[in-house]
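1. need a structure here:
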Amino acid sequence: MDFSNCEDYKKIFVFHNSYPNRITSRENSWLEFKESFNWASKSEYVKTMAAFANNKGGFIIFGVKDQPKEIVGLINDNFDKLDEARISGYVNECFSPEIKYEKFIKQIHGKNVGILFIPEAKHKPIICSKNGGAVIKEAEIYYRYHGSSEKIKYSELKLMLDQILEEERKNWREHFEKISKIGPSNAAILDLYKGEIDGNSGTLIMDEKLIPKLKFIKDGVFREGGKPVLKLIGDVKPVSVTPIDITKVKITDDPEASALRITDEFLENYPLNSKSMREGLHKKYPGLKFNHDFFVLLKKFKENKRLCLIRFLNPNNPKSAYTCFYSLEILDEFDKHYKENS
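-> Sure thing, here's the model as predicted:
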């Protein structure tokens, strides 16, 4: 974002006529000031981030003194040097779904000010998934009220859930309207997890290398003056499949009979659940600790469909509860980061 030219910048940094470094704006439902940055206070920071995400988004500004609000700047480079992967790792350990944010430094009146921008979450509510000292508690939902981040109250929670329901209804209406215009026989469903486009005319299977790009487009990151667009170029190649007449399949103990295995894909290709995967890792690396660095690495592996398959409780709702299953290859991937039998 171009912070210097945005309207939020003009609202935040309004200065007193007689005191050039004094800010007249006050903390509110989208703004919080901190005099300094200290990673030891990370639980407090992520609570505020979650509260902003559950409301309309907001800014945490580091380097502004309280009473009166005066720019003093950051006294060291701790904020600038803190790796964003470390922030993301801790945030995603404590809250789910993922909290998006931007971290940057801005020089204002000759002083360096640290800024965390947290946009409004697309998928609400953001829920605390583990305790974080005395500040954040598992299963709690935080919301940004005027100048404070608190556990959400009934009225705001009900409004949030009503909005979620209305958004789902809106999405269904839009889908049905599009289907009605082109006709059900001409419509097809794009499955971004299996990489298939399925319709009355048959199934189109996409190369697995193309699927991450489709997700990139789907997230709306790539825009050029309109809705996300993907242009497919190249030949469509047929896949040879030997048809099987299941009406002629019989269960038999004849050792000479042809074998036919009927199984879910994940049972064959993703045999490990979270528990068995960790047990396997512990045998390979007895000294391995399941700490922050481990979960940052695991999060990266989860993005690789060759290593991880995510199964949602409701396949039609990616916001529903899910379980991760892992291929045996994930154990080999950890060899690049950990020393075996140590």
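2. can you list the residue ranges for helices in the stretch 201-342 of the chain?
-> Here the stretch 201-342 of the chain has its helices, by DSSP state H, counting those that start in this stretch, at 211-218, 265-269, 274-284, 292-302, 329-334.
3. which one of the ones you listed lies nearest to Glu27?
-> For Glu27, the closest of these is helix 292-302, at 29.6 Å, according to C-beta to C-beta. Any C-beta I mention is one placed from the backbone N, CA and C, and that applies to glycine too.
4. helix/strand/coil for the nearest residue to Ile152 once chain neighbours are set aside?
-> Nearest residue to Ile152, sequence neighbours excluded (C-beta to C-beta, 6 or more residues apart in numbering): Tyr143, at 3.9 Å. Following DSSP: H, G, I helix; E, B strand; the rest coil, Tyr143 is assigned to strand.
5. number of residues surrounding Tyr143?
-> Residues lying near Tyr143 (other C-beta atoms under 10 Å) number 23.
6. surely it and Ser155 touch.
-> No: under the criterion of C-beta atoms under 8 Å, Tyr143 makes no contact with Ser155, lying 10.2 Å away.
7. which regions of the chain sit below the pLDDT cut-off?
-> Scanning the chain for pLDDT under 70 picks out the ranges 1, 192-194, 201-203, 206-267, 340-342.
8. now for it: which strand has the highest residue count?
-> Identified as the longest strand of the chain according to DSSP state E is strand 111-119.
9. so what's the gap between the helix or strand just after it and the chain middle?
-> Following strand 111-119 in sequence order, the next helix or strand is strand 127-128 (DSSP states H and E). Distance of strand 127-128 from the chain centroid (C-alpha atoms, centre = their mean, to the nearest Å) equals 13 Å.
10. and stretch 318-335, by the same measure?
-> For stretch 318-335, the distance to the chain centre is 16 Å (C-alpha atoms, centre = their mean).
11. what about it, start to end distance?
-> 31 Å (C-alpha to C-alpha, to the nearest Å).
12. is it correct that Gly89 is in contact with Leu297?
-> No: in terms of C-beta under 8 Å, Gly89 does not count as a neighbour of Leu297; the distance is 9.1 Å.
13. and these two? Which one has more around it.
-> Higher neighbour count among Gly89 and Leu297: Gly89, with 20 against 17, using other C-beta under 10 Å.
14. now do the SS call for the more buried one.
-> What three-state DSSP gives for Gly89 is helix.
15. against Val46, how distant is it?
-> With the distance defined as C-beta to C-beta, to the nearest Å, Gly89 ends up 11 Å from Val46.
16. now swap in Pro315 and tell me
-> Distance from Pro315 to Val46, by C-beta to C-beta: 30 Å.
17. the two: who's more crowded?
-> Shown here are Pro315 and Val46; by other C-beta under 10 Å, Val46 has more neighbours (25 against 11).
18. tally of neighbours for Val91?
-> By other C-beta under 10 Å, the residues close to Val91 number 22.
19. wait, isn't it in contact with Ile99?
-> Yes: contact criterion C-beta under 8 Å: Val91 and Ile99 qualify, at 5.2 Å.
20. need the residues touching each of these two.
-> By C-beta atoms under 8 Å, 6 or more residues apart in numbering, Val91 and Ile99 have these common neighbours: Val46, Met49.
21. re the thing from before, tell me who's in contact with the residue nearest to Ile152.
-> Applying C-beta under 8 Å, 6+ apart, we find Tyr143 in contact with Ala51, Asn54, Asn55, Ser149, Glu150, Lys151, Ile152, Lys153, Glu156, Leu157.
22. which residue is the nearest non-sequential neighbour of Tyr338?
-> Nearest to Tyr338 is Tyr285, by C-beta to C-beta, 6+ apart, at 4.7 Å.
23. distance of the one you found from Arg306?
-> 21 Å.
24. of the two, who's got more company?
-> Under the neighbour definition other C-beta under 10 Å, Tyr285 and Arg306 were set side by side, and Tyr285 has more, 18 against 13.
25. burial measure for the closest residue to Asn269 other than its chain neighbours, as a count.
-> Once flanking residues are discounted, Asn269 sits nearest to Ser327: 5.8 Å by C-beta to C-beta, 6+ apart. Residues near Ser327, counting by other C-beta under 10 Å, number 21.
26. ok, Ser327 touching Leu307?
-> Yes: contact criterion C-beta under 8 Å: Ser327 and Leu307 qualify, at 5.6 Å.
27. got the contact list for Arg22?
-> Phe15, His16, Pro68, Lys69, Glu70.
28. partner residues bridging it?
-> When bridges are called by DSSP bridges, Arg22 pairs up with Glu70.
29. picking up where we left off before, look up how far Phe294 lies from the residue nearest to Tyr338.
-> For Tyr285, the distance to Phe294 - C-beta to C-beta - is 10 Å.
30. and for Tyr101?
-> If you go by C-beta to C-beta, the gap between Tyr101 and Phe294 works out to 22 Å.
31. nearest residue to His337 in space, please, no chain neighbours.
-> Counting by C-beta to C-beta, 6+ apart, the residue nearest His337 is Leu297, at 6.0 Å.
32. where does the residue nearest to the spatial centre of the chain land in three-state SS?
-> What sits nearest the mean C-alpha location of the chain, by C-alpha atoms, centre = their mean, is Glu98, with 3.6 Å. At Glu98 the chain is in coil, as set by three-state DSSP.
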